[in-house]
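>>> any chance you could fold what I've pasted below:
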Amino acid sequence: MKIKTDCIPLHQQFAQVPNAAAKLNKKALCIYAATGFFLGEDDFFENRKVLQPGQTYTLDEQGAIKHQEAHFKWQYQPRNISFQTAVDEFTDLYEQILKEQAAGHKVLLPLSGGLDSRSQAAGLKHIGAEVSSYSYAFTRGYPEHQLSEKIARVCAFPFQGFLIPPGYLWSVIEDLVKINSGYSEFTHARQMAVLDAFKQMQGEFSLGHWGDVLFDRGIAAADEGKDDVVILYKKIIKKGGLALAEALWKQWELAGDFQDYLKSRLSALLAKIEIEHQGARIRAFKSLYWAPRWTSINLQIFEQAHPIHLPYYDERMCRFIMELPESFLADRRIQIAYIKQRNPGLAKITWQAQKPFNLYTYPYNKMPYNLAYRVQQKLKRSLQAALGQAYVQRNWELQFLGERNDQQLQTYLQREAFVDWVGADSIDKIYKGFKNQDAVFYSHPLSMLLTLSALQRYGLKN
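I've put the predicted structure just below:
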C-alpha cells in the first residue's frame, strides 16, 4: 500500500514497527506531558509510529514501512524581488486558493481580532464568496467577538457571537477523547463548547491556522544567533511542563535524564532540515513537527460538523514561503500590506495583539502612547476582581477555577488506576502547586494530568 502525506498533514497516519512490543512509549509520553504534543514519529505505543510530512511511503501487508522517499522538502531559496511584488504574488496565490476552496458552497468563517482570519475575510469578500461568520469570547473575558463583529460588518457578512461558559468541558470530555484520541491536551479545545451550534450551520469551514507561523519571523530578533536546540527547548516546553515530565520520568524509573533526552531528540530532528538560514530552519521545524502534531489535532472538532479548508496548509503556499526573503515575512508585513491594499476598512479595526491600535497605528503601541489604555485596562480588571468577577484570559480558567470545577477535576485525578499509573507524588506535586503556589505556572501540567486520566479512562488503545 502506498501513502502520500501532505507537506502539513491534517490527519495522522500510522505504520507498525516490526518486532516492537505493544507497550506504552513512556519516554514519548514524558515529552508529551512537557509540551502538549508528540515529537516526530512518536506515538503512545512503541509498536506504532506516525508517518511524517511530505513523504511517500510503501507499507507491507503488516503495515510496516518498506520504502520511504520525500516528495516535499522545506528549503530557503529567496528570490530577488521587491516587497510589493511579493505582496502582489501573495494576493494572486492566496485568492486563487480561497476561490478553489470556496467553490460551490457557503463558507463558514471563524473571525478573531488577529490577522489570519482578517486576511481570509478580505480575500473571501473580494472573490465574492458567500460567507457566514462567527466568533467566540470567554465569559468575563476580553470581548474578542466585538472586534470580529466589526470585521463582519465591514464585509457585510452575517455574524453570530458565542460566549464560552465556565465548566463546559466536563459534559463533553468523553466525546473529545473520541474525536482527538488524546493527542492534544483538552483545555484548549473551546470549539467543543459550541460544537452543537456548528452542526446547525450550513456550509464548510475556512480556517486560517498556521498563517501566523508562515508569515512572521522564524525566530524572535532577540534569539538570532542562539543555538537552535536552546531556542526550541524554551519554545516548546510549556510553563510547568518540565515539572510533570520529570515527575513521570522518576515515577516510571526511566534511565538517564529527561532534559538530556528531549534535547537529543530536538537535535536529531533539526539535523534532518538542510537549511542554513536560522529563521527559515526554525520555521521548517515548526511546520514539520509542531503543526501536524499540535495544530492539526483539534481541527478534527470542526470536521465533526462540516468539511474544513485551510489555505495556509496548501502546498503552493508553503512553496511560496520558501522563496520569500525572511525580511518580507518578519513582523507579519505581507499580511498587513495585503489587508491594507485589499480592504482598508478592515485595516482600521483594532488589531487584538496590538490593542487598542490598528494596522495603521500599531507602531505606536509603546510608551508613552499606550499608557492611558494600559492604566484603563488595569483599573477595569481591578474593579472586576473587587466585585468578585475575575477577568478570564485563558481557557483553563474556565475549567479549573471554582469549587464545582475542582470537584469534577478530582474525579479524574483521584481515579485509582490513574494514581497507580502516574504516581500519587506526581499528582500531588502538580495539584498543590496549582492551588497553593502559581496557578498559571501549573495550569499546563494539571491539564496534561486531566488529559492522561481521561485518555486512560475512555480511549487509550493500541
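
>>> counting neighbours, what do you get for residue 175?
Residues near residue 175, counting by other Cβ atoms under 10 Å, number 14. The C-beta positions use only the backbone N, C-alpha and C, and glycine is treated the same way.

>>> quick one: list the elements packing against whichever strand or helix holds residue 265.
Taking DSSP states H and E as the definition, residue 265 sits inside helix 258-271. If contacts are counted by 3 or more Cβ pairs under 8 Å, 6 or more residues apart in numbering; DSSP states H and E, helix 258-271 sits against helix 26-35, helix 228-236, helix 241-251, helix 278-289.

>>> go ahead and confirm residue 6 touches residue 53.
Yes. Assessed by Cβ atoms under 8 Å, residue 6 is found in contact with residue 53 at 6.6 Å.

>>> what about residue 45, neighbour count?
A total of 20 residues lie near residue 45 under the criterion other Cβ under 10 Å.

>>> ok now the helix or strand hosting residue 318, how far from the chain's centre?
Using DSSP H and E, the element containing residue 318 is helix 315-322. Mean-position distance between helix 315-322 and its chain equals 20 Å (Cα atoms, centre = their mean, to the nearest Å).

>>> and the residue lying closest to residue 356 once chain neighbours are set aside, how far is that from residue 359?
Among residues not flanking residue 356 along the chain, residue 373 sits closest, at 5.0 Å (Cβ to Cβ, 6 or more residues apart in numbering). Distance, residue 373 to residue 359, using Cβ to Cβ, to the nearest Å: 17 Å.

>>> and for residue 447?
Between residue 447 and residue 359 the computed distance is 34 Å (Cβ to Cβ).

>>> looking at the two, which has the bigger crowd around it?
In this view residue 447 and residue 359 are compared by other Cβ under 10 Å, and residue 447 has more residues nearby, 26 against 21.

>>> what lies in contact with the helix or strand containing that one?
Element membership for residue 447 (DSSP H and E) is helix 439-458. For helix 439-458, contacts defined as Cβ atoms under 8 Å, 6 or more residues apart in numbering pick out 29, 32-33, 36, 173-174, 176-178, 182, 184-187, 238-241, 243-244, 394, 396, 399-401, 409, 412-413, 415, 417-418, 421-422, 426-427, 430-431, 433-434.

>>> mind saving the C-alpha coords of that helix as CSV?
Coordinates of each C-alpha in helix 439-458 appear next as CSV, following Å, rounded to 0.1, in the frame of the first residue of the first chain:
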residue,chain,number,x,y,z
ALA,A,439,-1.9,28.6,39.1
VAL,A,440,-0.6,30.0,35.8
PHE,A,441,2.6,28.0,36.0
TYR,A,442,0.9,24.7,36.9
SER,A,443,-2.1,25.0,34.7
HIS,A,444,-0.4,23.2,31.8
PRO,A,445,0.7,20.1,33.8
LEU,A,446,-2.7,20.0,35.5
SER,A,447,-4.3,20.0,32.1
MET,A,448,-2.0,17.2,31.0
LEU,A,449,-2.9,15.1,34.0
LEU,A,450,-6.5,15.5,33.2
THR,A,451,-5.8,14.6,29.6
LEU,A,452,-3.9,11.4,30.5
SER,A,453,-6.6,10.4,33.0
ALA,A,454,-9.4,10.9,30.6
LEU,A,455,-7.5,9.1,27.9
GLN,A,456,-6.8,6.1,30.1
ARG,A,457,-10.4,6.0,31.1
TYR,A,458,-12.1,6.4,27.7
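
>>> quick check on the residue nearest to the spatial centre of the chain: phi, psi?
Centroid-nearest residue in the chain: residue 295, 3.7 Å away (criterion: Cα atoms, centre = their mean). Main-chain dihedrals, residue 295, degrees, to the nearest 10: phi -60, psi -40.

>>> find the nearest non-adjacent residue to it, please.
Closest residue in space to residue 295, ignoring its immediate chain neighbours: residue 209 at 5.4 Å, by Cβ to Cβ, 6+ apart.
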